[in-house]
Every structure is written in structure tokens, then in C-alpha cells.
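**Q** Below are the sequence and a predicted model; questions follow.
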Amino acid sequence: MNDMKKLPKILTFDATPSSAFIRPAPTPQHEIHSRTQSFSVNYEYRVVFTRDLFSPANASLREALEVSEHSRRQRCLVFIDADVLKQRGTLGYEIARYFREEVPGVELACAPLAIEGGEAAKAGLSRLEQIYHRILEHGIDRHSYVLAIGGGAVLDAVGMAAATAHRGIRHIRIPTTVLSQNDSGVGVKTAVNFAGSKNFAGCFAPPWAVLNDFDFLATLPPPVRRSGLSEAVKVALIRDRDFFLWIEANAAELKRFEPEAEEYMIRRSAELHMTQIAHGGDPFERGSARPLDFGHWSAHKLETFTQYCVSHGDAVAMGIALDARYSVLTGLLAPGEESRIVSVLNSLGLPLWHPGLARHSKNGNLELLRGLEEFREHLGGKLTITLLCALGKGIEINEMRPDLVADAIGWLKRQAHAYSLASEQGQGQVPGQPDCIDRGWA
Ligand SMILES: NC(=O)c1ccc[n+]([C@@H]2O[C@H](COP(=O)([O-])OP(=O)(O)OC[C@H]3O[C@@H](n4cnc5c(N)ncnc54)[C@H](O)[C@@H]3O)[C@@H](O)[C@H]2O)c1
Ligand SMILES: [Zn+2]
């Protein structure tokens, strides 16, 4: 009886609508009027491959800076990756001279500004804010230019700021790494990382022009220079068998950074990326497929796991190897082709293994699989992963089996170990492990 008293009082209400809640019958003024808005915007931008970009004889930049009929003189704000500037102390003067003597119609807003390179450039919104402040401070308007010289990370951060300040400022990219010349710099995406999520805050924004100067590559640390090769392998595997065979045949030259091989690899890879964007039918990725992200679902996760200690290019190499093996395990790709792919990655000096790939959470789950969930969210809810059905041919699937992913990880670990042993015995090459990790064979 006492218990009964403690029960909360049940409130009752009358479910019959009072006259005040009865909706009036639709009258003509409630009819819905709609029309479809439709227009298309054509994007066109020049992608140049050159050397000695800031010499007076080189017209590439002069031609890219279109002097418009503008009452005010156009201005240009230049951001340079700090590591590039460190390697080439005269760059600021070269740029100032070029603008003064070669493009008098465009004024340099101030001396080029250094910006910390690598993933730090994309670390959250505070970096972005610093770039916005500079754009604002120097009165850069929509007919002016924001020029970025640097690796993929600096291009992503400055590109994102340029795409959103004043709702879009003309943005010229001057990529200085292999990866940014053969892949990221020629594309239409920009982004920064946010709250631990890679490329969370970003947008699609085609550049005004892309000027690739091969001379910049000479100062790259070898592991950074090599890591960009993985994006060429990626695009060859999904789109161009002949290019993959060419990479396989020229792996030693590419590993040694021989200019002829390196330049062809960059041009062909950039061309394939550009063709996919222009003719793949979905440049702004409105659908759920992202073929250029083959090998990337695990790569993005590995990058964030390791606080970007594993570079994007290296993570993509491991992601390619993993998805190639998974393609074989699901019967899509002929057995043996995955070993061939891994052998090419190894010959290029790319890493095949990182212990983070096999990391398990306290409750025993394979943490890498969270990468699939993030990919699904990024794609709008429907998972679409590109795998391989042949060398040079991608295929889309909508589900990945966790047990087979785990099998593929185990296989890759054994492969990497075998290559490492062979190398120690002088029979092969050491996979190019980043300094900051232990190999974790145990
Ligand atoms: N927007 C896209 O479509 C797209 C595509 C692929 C990758 N990305 C992004 O690109 C980034 C990786 O780019 P990355 O591989 O170019 O590396 P990076 O930009 O991280 O640069 C690596 C290091 O090299 C330095 N560096 C750059 N150029 C140099 C030079 N010429 N000489 C000496 N040092 C130099 C940088 O300061 C940095 O320390 C990642 O953030 C990745 O997410 C973007
Ligand atoms: Zn990539």
C-alpha cells in the first residue's frame, strides 16, 4: 500500500482535438508553387609542367595571372611552405622580382608569407583563421590572387581559405612535392582536419591554375619524395594497366628519382587524375563512389592513429596492398596479382607495414575497421569502396567483411616481414619505414 503511494501521478489528457487545433481545409493560397532552378558552370584551368618557374624566360605564371579590366590594381598574396623556404632562401626575392618586372599589372600584396608545412598546416580551424586574417589584412578581393607554394597539406589549407574567403578568391597552386604534383594539386578538393577527423572541414574548389615546377622536388627529403609514388600506383591500378606495367618496369629508376622517369610518372599520374575528374561523371563526388580513393579508407585511419607520423603517401601504399589482397580474398582479383602489386610497392621503396594496421581496442575490435565507418559517413551513409578486378581496373563494392580484412592484414604483415628478412640477407630492398615507428613484427 505504501509503495502505491510512491507511484507518480498519471496525467491524463483529452485526445480529441479542440476546434482551435483543427486545420482549415487547404485554400488556393496554400497551394505549393515550385520551379526548378538549373544552370551549369564550366570550369577550366591550366595545369603546367615546367622548370625554373620564376625565371624571366618562363611565362607560365605571367600567363596564369590574368590582368582584368578592374578599376583597382589586382593584388597577389603568396604563402610558402616553410620547409621550401628553408631550402631555397632566395625564393622570396625571386618572386618579388618576377612580379615587379614580369607582371607589373599585378601587385605583390606583401613579401611572401611562410606557413608551417606538413599536416600541421591542416591542424584544425585556427591555422585557417590565420590565413583568413592575412587575406583580410591585405585587402585581397575576388579579382585578386592567393598563391600557395608547398606540399599537399599547405595547398589544402590555403586552398580552403581561398575558396571560402569572400566566397572564393582566385587561387593558384604551385605544388612542391611529388604527391601534390601527381595527385592533390591538380584536383578540385581542399580541406583541413577537424576534431581528429581527417579532411573533415573542406569543400570542392577548382583552382585558377596549377603550375608544377619539377625543380622543387630536388630538395625533398627522400622518404617524402618517395611517398608520392603510391598515388601513381593507385591511379594506374584502377585506370591504366599499361601505366602500372611501366611503373613496374621502371621501379628502380623511380626509386632513384631519375628525372626522366620521375617526370613522366608525375605527368601521367596527373593526367589520369584529371581525366577521372573531368570525365568520370562526378567531379564533386555527389554520388557515393570515390574511385580515386582506392586504398584510402585504411590509409586515412592509419594516419590519424599515428598522429600523422605515417605520411599520407606511405599510408596509401599500405592501404593499396591491403585492398589488393582483400580483392583476391573475395575472388575479384586473380591470385598472385596482389603479390605482384606488393612487390612493385617494395621495389619503389614504399613501406608495407605499420603495427597500427593490426591495432585492437580493449574490447578486442580491430580499430582499423573504424576507417570504414568514417568513409561511410563521408560518403553520405552508403559505403562504396573501390577494389580491383584486374591490374588497371577498379570495381566498386558496398560491403567489406571484417574477418577478411583481418586476414588481409595478417597476410600483409607476413609479406612485409619476408621482404624485410630478404633485405637483411641482401636479397631485396628494405621497405622504407618512417623513422618514428617500430616495425612490430612480434
Ligand atoms: N586535396 C586533395 O585532393 C588531396 C589528395 C591527396 C592528398 N592530399 C593531402 O596532401 C597531404 C600530403 O601532401 P604531401 O605528400 O605533399 O606532403 P606534405 O604537404 O605533408 O609535405 C611533407 C613535408 O615536406 C615539406 N616540403 C614540401 N615541399 C618541399 C620541398 N620542395 N622541399 C623540402 N621540403 C618540402 C613540407 O613542409 C612537409 O614537412 C595530406 O594532408 C593529404 O591529405 C590532398
Ligand atoms: Zn591520397
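**A** Structure's in. What do you need? Predicted model only: the values in this text are computed from it and were never measured. Ligands and ions are numbered 1, 2, ... in the order given.

**Q** At the contact with ligand 1, which residues of the chain appear?
**A** 81, 83-84, 87, 117-119, 122, 150-154, 156, 176-177, 179-180, 183-184, 187, 189-190, 216, 219-220, 224, 227-228, 312-313 (Cβ under 6 Å from any ligand atom). No exception for glycine: its C-beta is placed from N, CA and C like everyone else's.

**Q** Helices - which of those residues land there?
**A** 83-84, 87, 152-154, 156, 179-180, 224, 227, 312-313 (DSSP state H).

**Q** picking up where we left off before, what's the PyMOL syntax to select whichever of the residues of the chain next to ligand 1 are buried?
**A** Buried subset of these, written as a PyMOL selection, criterion 16 or more other Cβ atoms under 10 Å:
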select buried, resi 81+83+84+117+118+119+122+150+151+152+153+154+156+176+177+179+180+183+184+187+189+190+216+220+224+227+228+312+313
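
**Q** Phi, psi for the nearest residue to Ala201 once chain neighbours are set aside please.
**A** Spatially, and ignoring its direct neighbours in sequence, Ala201 is nearest to Phe194 (4.6 Å; Cβ to Cβ, 6 or more residues apart in numbering). For Phe194, the backbone dihedrals are phi -150, psi 130 (criterion: degrees, to the nearest 10).

**Q** With Leu412 instead?
**A** Torsion angles, degrees, to the nearest 10, at Leu412: phi -70, psi -40.

**Q** Looking at the ones in helices among the residues of the chain next to ligand 1, which one is closest to Arg268?
**A** Leu179 (14.6 Å; Cβ to Cβ).

**Q** can you pull out the strands in the stretch 251-400 of the chain?
**A** Assigned by DSSP state E, counting those that start in this stretch, the strands in the stretch 251-400 of the chain fall at 385-390, 393-397.

**Q** Go through these and pick out the most buried.
**A** For the strands of the stretch 251-400 of the chain, the largest average neighbour count (mean count of other Cβ atoms under 10 Å) is found in strand 385-390, namely a mean of 20.

**Q** which residues are in contact with it?
**A** 237-238, 241, 289-291, 293-294, 297, 323-324, 326-327, 330, 332-334, 337, 372, 375, 394-398, 400 (Cβ atoms under 8 Å, 6 or more residues apart in numbering).

**Q** I'd like the distance from that strand to the chain centre, please.
**A** Mean-position distance between strand 385-390 and its chain equals 19 Å (Cα atoms, centre = their mean, to the nearest Å).

**Q** Indicate each strand paired with that strand and its parallel or antiparallel sense.
**A** Pairing partners of strand 385-390, with direction, according to DSSP bridges: strand 393-397 (antiparallel).

**Q** Just the CA atoms of the partner strand, as PDB, please.
**A** Only the C-alpha atoms of strand 393-397 are listed here, as PDB (Å, rounded to 0.1, in the frame of the first residue of the first chain):
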ATOM      1  CA  LYS A 393      40.700  -2.000 -63.500                       C
ATOM      2  CA  GLY A 394      38.800  -0.800 -60.400                       C
ATOM      3  CA  ILE A 395      35.500  -2.300 -59.200                       C
ATOM      4  CA  GLU A 396      33.000  -0.900 -56.600                       C
ATOM      5  CA  ILE A 397      31.700  -2.900 -53.700                       C
END
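
**Q** The spatially most central residue of the chain - nearest residue in space that isn't next to it in sequence?
**A** Geometric centre of the chain, nearest residue: Ser184, 5.6 Å, by Cα atoms, centre = their mean. Leaving aside its chain neighbours, Ser184 sits nearest to Gly152 (4.0 Å; criterion: Cβ to Cβ, 6+ apart).

**Q** Please list all residues in contact with the nearest residue to Arg239 once chain neighbours are set aside.
**A** Counting by Cβ to Cβ, 6+ apart, Arg239 lies nearest to Leu272, which is 5.3 Å off, once chain neighbours are set aside. The contact partners of Leu272, taken as Cβ under 8 Å, 6+ apart, are 235-236, 239-240, 243.

**Q** ok, so of those, who is nearest Leu350?
**A** Leu350 has its nearest neighbour among the contacts of Leu272 in Ala236, at 13.6 Å by Cβ to Cβ.

**Q** and that closest one, how far is that from Leu388?
**A** Ala236 sits 11 Å away from Leu388, going by Cβ to Cβ, to the nearest Å.

**Q** Point out where the chain drops to low pLDDT.
**A** 1-29, 68-72, 379-380, 427-442 (pLDDT under 70).

**Q** where exactly do the helices run in the stretch 51-200 of the chain?
**A** 60-64, 82-87, 91-102, 124-137, 152-164, 178-182 (DSSP state H, counting those that start in this stretch).

**Q** Nearest to Glu31 among the ones you listed would be which one?
**A** helix 152-164 (38.3 Å).

**Q** show me what contacts Ser347?
**A** Ser347 is in contact with 248, 251-252, 255, 429, counting by Cβ under 8 Å, 6+ apart.

**Q** In helices only, show me the residues you listed.
**A** Using DSSP H, the members of these that fall in helices are 248, 251-252, 255.

**Q** Can you lay out those residues as CSV showing neighbour count?
**A** Output for the ones in helices among the contacts of Ser347, formatted as CSV (neighbours: other Cβ atoms under 10 Å):
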residue, neighbour count
Glu248, 17
Ala251, 22
Ala252, 13
Lys255, 19
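
**Q** ok, of those residues, which one's closest to ligand 1?
**A** Lys255 (16.9 Å; Cβ to the nearest ligand atom).

**Q** Tell me the residue of the stretch 251-400 of the chain that sits nearest ligand 1?
**A** His312 (4.0 Å).

**Q** Settle this for me: that residue is touching Thr177, isn't it.
**A** No: counting by Cβ atoms under 8 Å, His312 does not reach Thr177; the two are 10.1 Å apart.

**Q** can you count the residues close to Ala218?
**A** 11 (other Cβ atoms under 10 Å).

**Q** Distance of it relative to Pro259?
**A** 9 Å.

**Q** Check Trp246 too.
**A** Per Cβ to Cβ, Trp246 is found 16 Å from Pro259.

**Q** between these two, which one's more packed in?
**A** The residue with more neighbours, out of Trp246 and Pro259, is Trp246; 18 against 12, by other Cβ under 10 Å.

**Q** tell me which element that one falls in.
**A** Element membership for Trp246 (DSSP states H and E) is helix 241-249.
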